[in-house]
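Undergrad: what shape does this take:
(one chain, ligands or ions: 1)
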Amino acid sequence: MNVRAPRLILIASIAAGLVASALAQEGASKPRKVMKTDAEWRKQLTPNQYAVTRQADTEPRGTGKLLHNKAKGIYECVGCDTPLFSSKTKFESGTGWPSFFAPYDQANVETSTDFKLGYARTEVVCKTCGSHLGHVFDDGPAPTGLRFCMNSAALKFAKDTPASPASKDKADKDQPAAPK
Ligand SMILES: [Zn+2]
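TA: Okay, the predicted model is just below:
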């Protein structure tokens, strides 16, 4: 057995971790449209939401409540309500995390390189408030070939309503105005 290899891997991981934390600090210092103190975030978010969005934690595979959500609507940032993904780009990736092949608007998200696991991954954050959302990989379906692998805890779902533009035409014809 080569006893040096694990140590080298450890050193490489630590080095990568230092780079990652330097990058994270750089990211944290960027001016955002929505900026809150740590205490304010803790008050606003559940412990799970806080761990994911403010500490870049990853929710356990297969546990997210939006994983198999098939309803039509918009996935918004849990931190600042910015629209991040549409149900139109959601797909079943089989990974255990909600997956999308494109963001709602490229201008609403920001990416950076993350070495948290010892190798490079592309982290995705909310551009408005800096919330960690997940990662993006290049093994997604057409037309983009991208897979935005998101945490349910970073998102909240706003279901299309009859009043929203996307479903207005259909709603006018099919939906009775009065409640049943
Ligand atoms: Zn946000």
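Undergrad: identify the residues contacting the residue positioned nearest the centre of the chain.
TA: For the chain, residue 133 is the residue whose C-alpha lies nearest the centre (CA atoms, centre = their mean; 2.5 Å). Applying CB atoms under 8 Å, 6 or more residues apart in numbering to residue 133 gives the contacts 53, 77, 84, 109, 124, 125, 126, 148, 150, 151, 154, 155. C-beta here means a position set from N, CA and C on the backbone, and glycine is covered the same way.
Undergrad: okay, the second one: pLDDT?
TA: Residue 77 carries a pLDDT score of 98 in this model.
Undergrad: do the same with the last one
TA: The model reports residue 155 with a pLDDT of 98.
Undergrad: quick revisit: give me the secondary structure label for the residue nearest to the centre of the chain.
TA: strand (DSSP: H, G, I helix; E, B strand; the rest coil).
Undergrad: circling back to that earlier point, from the contacts of residue 133, which land in strands?
TA: Among the contacts of residue 133, the residues falling in strands (DSSP state E) are 77, 84, 109, 124, 125, 126, 148, 150, 155.
Undergrad: neighbour count and distance to residue 92 added to the contacts of residue 133, as a markdown table?
TA: Formatted as a markdown table, those follow (neighbours: other CB atoms under 10 Å; distance: CB to CB, whole Å):
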| residue | neighbour count | distance to residue 92 |
| --- | --- | --- |
| 53 | 27 | 24 |
| 77 | 25 | 23 |
| 84 | 28 | 19 |
| 109 | 20 | 21 |
| 124 | 23 | 19 |
| 125 | 24 | 24 |
| 126 | 26 | 24 |
| 148 | 27 | 14 |
| 150 | 27 | 13 |
| 151 | 26 | 17 |
| 154 | 29 | 19 |
| 155 | 28 | 16 |
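Undergrad: filter the residues you listed by proximity to the ion?
TA: Restricting those to those near the ion by CB under 5 Å from the ion leaves 77, 126.
Undergrad: tell me which two in the contacts of residue 133 are the farthest apart.
TA: 53 and 148 (15.3 Å; CB to CB).
Undergrad: need the residues of the chain near the ion, please.
TA: So the chain meets the ion at 77, 79, 80, 82, 126, 128, 129, 131 (CB under 5 Å from the ion).
Undergrad: measure the nearest residue to the fourth one once chain neighbours are set aside to residue 56 for me?
TA: Sequence neighbours aside, residue 128 is the residue nearest to residue 82 in space, at 4.5 Å (criterion: CB to CB, 6 or more residues apart in numbering). Distance check for residue 128 against residue 56: by CB to CB, to the nearest Å, it reads 17 Å.
Undergrad: residue 63 now?
TA: 17 Å.
Undergrad: can you check residue 49 too?
TA: 13 Å.
Undergrad: next one: residue 77
TA: Residue 77 is 15 Å from residue 56, by CB to CB.
Undergrad: brilliant, that's me finished.
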